[in-house]
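Trainee: Give the three-dimensional model of this entry:
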Amino acid sequence: MATVSLAVLALSACTLAPLDRAATGVRVMSAAPAGCTELSEVEVSVTGNVGPIDRNALRVKDELETLARNEAAKQGGNAVVAVSGPEMGEQRFKVYRCP
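Mentor: Here you go, the predicted structure:
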């Protein structure tokens, strides 16, 4: 049992979704930005739980946003807007290119 607890603590402390260098300029916005071009919609996912134990919801949300920013950068976008809330470690985002 102690080994499982240590593994969960170790996993919860690390980031499973590192931000790509190209994505540092991609913003997470709360609403569709005016004057921007919608490029696509992406679905990203991370591990929402470790065995029967749910991961920290804020950490999962942050990792989903990081993955969305990474995808936006690959597509030439510089902004993302959540289309749905995080659910079971998955979330959809719209990717935009703004001036």
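Trainee: any idea of the mean pLDDT for stretch 18-35?
Mentor: Stretch 18-35 carries an average pLDDT of 96.
Trainee: What is the neighbour count of the residue nearest to residue 27 when sequence neighbours are not counted?
Mentor: Beyond its immediate neighbours in the sequence, the residue positioned closest to residue 27 (C-beta to C-beta, 6 or more residues apart in numbering) is residue 79, lying 4.9 Å away. C-betas here are computed from N, CA, C, even on glycine. The local packing of residue 79 (other C-beta atoms under 10 Å) involves 22 other residues.
Trainee: ditto for residue 73
Mentor: Residue crowding around residue 73 was assessed by other C-beta under 10 Å; the count is 20.
Trainee: before we move on, back to that, was I right to think the residue nearest to residue 27 contacts residue 36?
Mentor: Yes - under the criterion of C-beta atoms under 8 Å, residue 79 is in contact with residue 36, at a separation of 6.3 Å.
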